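K.L.:
fold the following for me, if possible:
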Amino acid sequence: MISQYVLADHSDKYLVRVIDRVKVKGKSKPLMCYELLAAHDNATDRQKNIAETFATGFELYSKGDFKKALSAFEKCLPFEEPSFQGATNPSLIYIDRCKGLIENPPVEWDGIASLDRK
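P.N.:
As a prediction, the model looks like this:
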């Protein structure tokens, strides 16, 4: 994972996927976090597809359109790599988040999820 600050210096060299917008303790502005997928010169079609499709889902999620975001994240699943720790990946995490937010819509939404568990 890399932050928006690291990416700013290297965005022309690397293909990344947005992972989350997080609030860091002691800071008022959220921080964008990214997954480094590949050097642009070596990026595969799978990596390009997941970066683009996930970005669409993340944008919809950020705007509060959870049903459309859910659909986009589900389209990412065939392109996900198996996880080191088991059967989870960013798309599955956002699918779970979207389902929860569809079932229990937030009163106010700023696009930043409040994590209620580790």
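K.L.:
isn't there a helix covering Leu15?
P.N.:
No. Leu15: not assigned to a helix; according to DSSP: H, G, I helix; E, B strand; the rest coil it is strand.
K.L.:
what is the neighbour count of it?
P.N.:
21 (other C-beta atoms under 10 Å). Quick note: C-beta positions are derived from backbone N, CA and C, even for glycine.
K.L.:
bridge partners for it, pull those for me.
P.N.:
Per DSSP bridges, the residues bridged to Leu15 are Ala38.
K.L.:
give me the element Tyr61 is part of.
P.N.:
According to DSSP states H and E, Tyr61 maps onto helix 45-63.
K.L.:
and that helix, what does it pack onto?
P.N.:
strand 14-22, strand 31-39, helix 66-76, helix 90-103 (3 or more C-beta pairs under 8 Å, 6 or more residues apart in numbering; DSSP states H and E).
K.L.:
can you list these in JSON lines and add mean pLDDT?
P.N.:
Output for the helices and strands packed on helix 45-63, formatted as JSON lines (pLDDT from 0 to 100):
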{"stretch": "strand 14-22", "mean pLDDT": "92"}
{"stretch": "strand 31-39", "mean pLDDT": "91"}
{"stretch": "helix 66-76", "mean pLDDT": "97"}
{"stretch": "helix 90-103", "mean pLDDT": "95"}
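K.L.:
between those, which gets nearest to Ala55?
P.N.:
Of all the helices and strands packed on helix 45-63, strand 14-22 sits nearest to Ala55, with 5.9 Å by C-beta to C-beta.
K.L.:
and that closest one with strand 31-39, angle?
P.N.:
Angle between the axes of strand 14-22 and strand 31-39 is 160 degrees (criterion: axes from the mean of the first three to the mean of the last three C-alpha atoms, to 10 degrees).
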